[in-house]
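1. Quick check, what structure comes out for this input:
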Amino acid sequence: MIRVALKAAQRDLGALVRAVERDGERIVLTRRGHPVAALLPYGAIAALDLLERLLPDVAEMAAALSDPDPSAPGLGPSPARRRAPAPPPEGLP
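-> This next block holds a predicted model:
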């Protein structure tokens, strides 16, 4: 990944786009040393769009797995989630 100041990127935009297109280079554009934008191959943007569309489904599935419906047959708290009874206080029989 290359970091390029915004002023230099304005001057050299054609060359930067060719590097992205030809080599798949990812370029971070900076202003005063801080990242503000990026030039990425179009395939990377398409992959991010796909991930963004799938992410809500993945989050819902993960939530369903971590907190199953206790009324469903065979489900409920896993043995690891069950708490063992507390030991009696010391000095008591």
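2. All the helices of this structure, residue numbers only.
-> Under the criterion DSSP state H, the chain contains helices at 6-11, 13-23, 42-66.
3. closest to Val36 out of these?
-> Nearest to Val36, of all the helices of the chain, is helix 6-11, at 6.7 Å by CB to CB. All C-beta atoms are positioned from the backbone trio N, CA, C, and that covers glycine.
4. so which of the helices of the chain gets nearest Arg31?
-> Here helix 6-11 is closest among those (CB to CB), at 4.9 Å.
5. Any idea which helix or strand in this protein has the lowest mean pLDDT?
-> Ranked by mean pLDDT, DSSP states H and E, the weakest helix or strand in the chain is helix 42-66, scoring a mean of 78.
6. quick revisit: mind putting the helices of the chain into CSV with mean neighbour count and distance to Pro35?
-> CSV is the format used below for these (neighbours: other CB atoms under 10 Å; distance: least, CB to CB, whole Å):
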stretch, mean neighbour count, distance to Pro35
helix 6-11, 13, 10
helix 13-23, 13, 15
helix 42-66, 10, 16
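7. mind putting those in a markdown table, distance to Val36 included?
-> Putting those into a markdown table (distance: least, CB to CB, whole Å) gives the following:
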| stretch | distance to Val36 |
| --- | --- |
| helix 6-11 | 7 |
| helix 13-23 | 15 |
| helix 42-66 | 17 |
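8. So what's the residue count around Leu39?
-> 19 (other CB atoms under 10 Å).
9. just Ile27 next, same as before
-> 18.
10. and the gap between it and Met61?
-> Distance, Ile27 to Met61, using CB to CB, to the nearest Å: 35 Å.
11. Show the pLDDT at the residue nearest to Glu21 when sequence neighbours are not counted.
-> Spatially, and ignoring its direct neighbours in sequence, Glu21 is nearest to Pro41 (7.2 Å; CB to CB, 6 or more residues apart in numbering). Here the pLDDT value assigned to Pro41 is 94.
12. gap between Ile39 and Leu55?
-> Just to correct that, residue 39 is Leu rather than Ile. 24 Å.
13. hmm, who's touching the least confident helix or strand of the chain?
-> Arg26 (CB atoms under 8 Å, 6 or more residues apart in numbering).
14. Cool, thanks, signing off.
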